[in-house]
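**Q** Prediction below, plus the sequence it came from.
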Amino acid sequence: MRKHKHVCIVANILMLVSVSVFAHSGATAIVKERMDLMGSLGKSMKQLTAMMRGKTEYNEDEVRKIAVKIQNHGGDAMTKLFPKDSIDGPSEALPNIWQKWDQFEAYASRLKTYGLALEMAAGNDRGGPSRGGMTSGQGMMGTNMMGQGMMSQGGGMMMGAGQGPTAEMLKTMPPDTSFMHIAQTCSSCHQDFRKPK
C-alpha cells in the first residue's frame, strides 16, 4: 500500500513536469521567473526519478549537483518569487498561498533541507546487494526508509505541514530517503497551492 502510494507521488511529479511546459506561454515578470524555477525543479526531479527507479545508472556526482540545485531553489529563493497576489496571467498559483503563507514557507524550507540531506547522503549505500534503492525488494518505503529513528507523522512520513526530519537525521540514510521527502514535499505543495490540471 505504501509502495503504491509513493509510486503515485513520483508519477504525479513527472506528470506535472510535462504539463508545465505548456503553461509558460504568456507568462511575464515574476510569474515567468517562478514558472521557470518550477520547470527547472521538475526536470531535476525527472532526472532523479530515473536514477532512483533504476531507469538510468545512479551517478553520485550528478545526484549531488541536482541536490545543490534543489537547495538553491528552496527556502527564501522560492518564497521571494511569490509576492502577495501575484496571480495575473497564466499563473498556476492558487490565492490561498497567501492565506496559508506559513504552510507554504514550511514547504519551501523543507525543499532546501531535503536538498541538503540528499547532497550529504548521495554516496551512501542504497541498500540490498544490487544497490537497487527504490527498486530493491524492500520497496520505496521499506526498512531502509523507516529505519534509524525516523518517525511517521499523521498518516505518512512528513506529509502535510507538520515538522519533518532534519538534514542531520537523513544524511546517514540511503539517498532514496531524501529523494522521497523531496518528492512528497513537491507533491503536497502542488496539491495545496497549485491550480488543478
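**A** Happy to help now that I have it.
**Q** any idea which helix or strand comes after the worst-scoring helix or strand of the chain on mean pLDDT?
**A** Taking all helices and strands of the chain together, the one with the lowest average confidence (mean pLDDT, DSSP states H and E) is helix 143-146, at a mean of 33. Downstream of helix 143-146, the first helix or strand assigned by DSSP states H and E is helix 167-170.
**Q** how many other residues sit next to Gly75?
**A** As a burial measure, Gly75 scores 17 neighbours (other CB atoms under 10 Å). Just so you know, the C-beta spots here come from the backbone N, C-alpha and C atoms, and that holds for glycine as well.
**Q** Was I right to think it contacts Arg110?
**A** No - here Gly75 lies out of contact with Arg110, judged by CB atoms under 8 Å, at a distance of 9.2 Å.
**Q** Ala108 against Gly75, yeah?
**A** Yes - in this structure, Ala108 sits in contact with Gly75. The criterion is CB under 8 Å, and the distance is 5.5 Å.
**Q** Toward the C-terminus from the stretch of helix or strand Asp36 belongs to, list the very next helix or strand.
**A** When secondary structure is defined using DSSP H and E, the element that contains Asp36 is helix 29-52. Of the helices and strands lying after helix 29-52 in sequence (DSSP H and E), the nearest is helix 60-73.
**Q** so who does Ala122 touch?
**A** With CB atoms under 8 Å, 6 or more residues apart in numbering as the criterion, the residues that contact Ala122 are Glu60, Asp61, Val63, Arg64, Ala67, Pro175.
**Q** I'd like to know which of these are buried.
**A** Among these, those scoring as buried are Val63, Arg64, Ala67, Pro175 (criterion: 16 or more other CB atoms under 10 Å).
**Q** Now for Met38, how many residues are close by?
**A** By other CB under 10 Å, 24 other residues sit near Met38.
**Q** Can you mark which positions in stretch 76-88 are buried?
**A** Buried residues in stretch 76-88, counted by 16+ other CB under 10 Å: Met78, Thr79, Leu81, Phe82, Ser86, Ile87.
**Q** now what about it, what contacts it?
**A** Counting by CB under 8 Å, 6+ apart, the neighbours of stretch 76-88 from elsewhere in the structure are 30-31, 33-34, 37, 93-95, 97-98, 104-105, 108, 111-112.
**Q** Of those, which is the nearest to Glu168?
**A** Glu168 has its nearest neighbour among the contacts of stretch 76-88 in Lys112, at 14.0 Å by CB to CB.
**Q** And the pLDDT for the closest residue in space to that closest one that isn't next to it in sequence?
**A** Counting by CB to CB, 6 or more residues apart in numbering, Gly74 is the residue found nearest to Lys112 once chain neighbours are left out, at 3.2 Å. With respect to pLDDT, Gly74 has a value of 96.
**Q** How about the contacts made by Gly74?
**A** For Gly74, the set of contacting residues under the criterion of CB under 8 Å, 6+ apart consists of Ala108, Ser109, Arg110, Leu111, Lys112, Thr113, Gly115.
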